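Sequence plus predicted model, see below.
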Amino acid sequence: MSVTERPGPVLAPPPGARGLADGATSDRAPDASTAPPGVLAALRWGLVRDLRIAVRSRAELGVQILFYVIVVSLFPLATSPERNLLQTLGPGVLWVAALLASLLSLPRLFASDFADGTLEQMALSPFALPALVGGKVLAHWLATGLPLVLLAPLLGLQYALDAEVLGIVAFSLLVGTPILSLVGAIGAALTLATRGGGSLLALLVLPLYVPVLIFGAGSADALRGGLSAAPNLSLLAAGLLVAIVGAPLAAAAAVRIALD
Amino acid sequence: MLEAHDLAARRGSLLLFEGISVQVPPGTALVVSGRNGSGKTTLLRILAGVTRPAAGRVTWHGRDVARHDPSVRADICFAGHVPALKDELTATENLHALATLAGERTGPLALRRALADVGLDARRHLPARALSQGQRRRIALARMSIGRQRLWLLDEPATALDADGLALLGSLVARHLAGGGTLVAATHQRLDLPADRVQTLTLS
């Protein structure tokens, strides 16, 4: 393939522009001394903007929360109403439902920003992309993860769980659901440019959710078995710290690949 | 000065272009033309640093644009063929989000003035979903006018604009060039630019 260029690749600046450019700001090199915009400002940008959008599109959030409520409520109907069985099932069901509900909302995390060009602007911004992505993930968790945490004790009543177990389930969800949003963000970013991204996303992300599920649901089981929930919760918290540091970086790298 | 050295781009196995070298000094414009699919958008994305070229490099005042250098980023305004608006947000909120993202600190007054300049004062509180294509484009114009970036990379800037909008775009570009700014526009329409400051590049 050939390229034709006219009138020629190099053009001398016109006299007028040169005169303006010399003394003024326009011919200077980019100023390296200005500090790059802060990480906190970048986090705030993603957080405020996405929360505002989430509030304006409440219906979509409602669907996800309703899905969670229905899935949790299906199990007592499908199995026997025997108290012991429900108490055994309860924490696990709450966790699995949270996993599925989180999966339901993940494709929305980046898809519309990818389609409307916002993601491009984010990648080209002077802000650090991982911090912008981090703000978006935080907003995603506040809008989709936190409601699950708050609903869990209420829904747990269907399983005849006592207060202590309900508290531990809610607390483990509080520590665990941010991990779901963070790890899910990596998957959502990786599947941006693929067709049928939604189902691929589930295949990609669900195996990564398994440790979170084990330690999360395991904490309540330990308590019911007369042990301490602390080891499970500590591991979950450690996982959260790793995810907070690593996931925004990985998701930002995946976003850059999707845009390329 | 925007400089591109020996750029090549491919999409899959198809070679879009190769051996493109251009220098665009301050105060001048480069208009990239070519038929559909000739790689205009790809070239612009390479110049912006979104897409990596198959060969060659692009520098802005001697710095590689493909590195994520905040001082280079703060200097480049890339307006793609979609204007990066969120349907749920109002015109003002959209403009504020985009300006903030570009590193600008803008108060409510500056936002209102920028929207009034592009004829959207009466619509500034409407959600973007209620705006027409041309009005959405005008928000992109407001973003260009509010920023202080010295390199504008515009992909089909004239799309969906009416005669008024085109005149607005023309005056913005003229002011940008007169102030020593640099412009690269990919378009198949004629842009009204001062002839002595424009070079053209035709991709085939």
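Yep, it's here.

any idea of the mean pLDDT in the helix or strand where residue A:153 lies?
For residue A:153, the host element (DSSP states H and E) is helix A:146-156. Per-residue pLDDT over helix A:146-156 has a mean of 94.

do stretch A:202-220 as well
For stretch A:202-220, mean pLDDT is 92.

and what of stretch A:94-102?
94.

next one: stretch A:226-238
For stretch A:226-238, the mean pLDDT works out to 91.

Can you point out the buried residues in that stretch?
Within stretch A:226-238, the residues that count as buried by 16 or more other CB atoms under 10 Å in any protein chain shown are A:229, A:232, A:233, A:235, A:236. C-betas here are computed from N, CA, C, even on glycine.

so residue B:59 sits in a strand?
Yes: assignment of residue B:59 by DSSP: H, G, I helix; E, B strand; the rest coil places it within a strand.

which ones are touching the residue lying closest to it once chain neighbours are set aside?
Using CB to CB, 6 or more residues apart in numbering or on different chains and skipping the chain neighbours, the partner closest in space to residue B:59 is residue B:3 (5.0 Å). In this structure, residue B:3 makes contact with B:22, B:23, B:24, B:58, B:59, B:60, judged by CB atoms under 8 Å, 6 or more residues apart in numbering or on different chains.

How far off centre is the helix holding residue A:153?
Remark: helix A:146-156 is offset 19 Å from the chain centroid, using CA atoms, centre = their mean, to the nearest Å.

cool, and stretch A:233-246?
Distance of stretch A:233-246 from its chain centroid, counting by CA atoms, centre = their mean, is 14 Å.

Which residues outside it are in contact with it?
Counting by CB under 8 Å, 6+ apart, residues outside stretch A:233-246 touching it are A:168, A:171-172, A:175-176, A:178-179, A:182-183, A:211-212, A:215-216, A:219.

Would you mind writing the CA trace of that stretch as CSV?
These are the backbone C-alpha positions of stretch A:233-246, laid out as CSV (Å, rounded to 0.1, in the frame of the first residue of the first chain):
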residue,chain,number,x,y,z
LEU,A,233,-12.0,-13.8,57.8
SER,A,234,-8.3,-13.0,58.0
LEU,A,235,-7.6,-14.8,54.8
LEU,A,236,-10.5,-13.0,53.2
ALA,A,237,-9.2,-9.7,54.4
ALA,A,238,-5.7,-10.6,53.1
GLY,A,239,-7.3,-11.4,49.7
LEU,A,240,-9.0,-8.0,49.7
LEU,A,241,-5.7,-6.2,50.3
VAL,A,242,-4.1,-8.1,47.5
ALA,A,243,-7.0,-7.3,45.2
ILE,A,244,-7.1,-3.6,46.1
VAL,A,245,-3.4,-3.3,45.1
GLY,A,246,-3.4,-5.7,42.1
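
Do you have the strands of the chain handy? List them.
Just going to use chain A. Ranges of strands within chain A are A:3-6, based on DSSP state E.

nope, chain B please
Under DSSP E, chain B gives strands at B:2-11, B:14-24, B:29-34, B:55-60, B:63-64, B:76-79, B:151-155, B:182-186, B:198-203.

Need the residues that contact stretch B:95-110.
Stretch B:95-110 has contacts (CB under 8 Å, 6+ apart) with A:37, A:45, A:49, A:121-122, A:125-127, A:132, B:70, B:73-74, B:77, B:84, B:86, B:89, B:92, B:111, B:114-115, B:139, B:142-143, B:146-149.

what is the mean pLDDT for it?
Computed over stretch B:95-110, the average pLDDT equals 89.

And stretch B:10-29, by the same measure?
Mean pLDDT, stretch B:10-29: 89.
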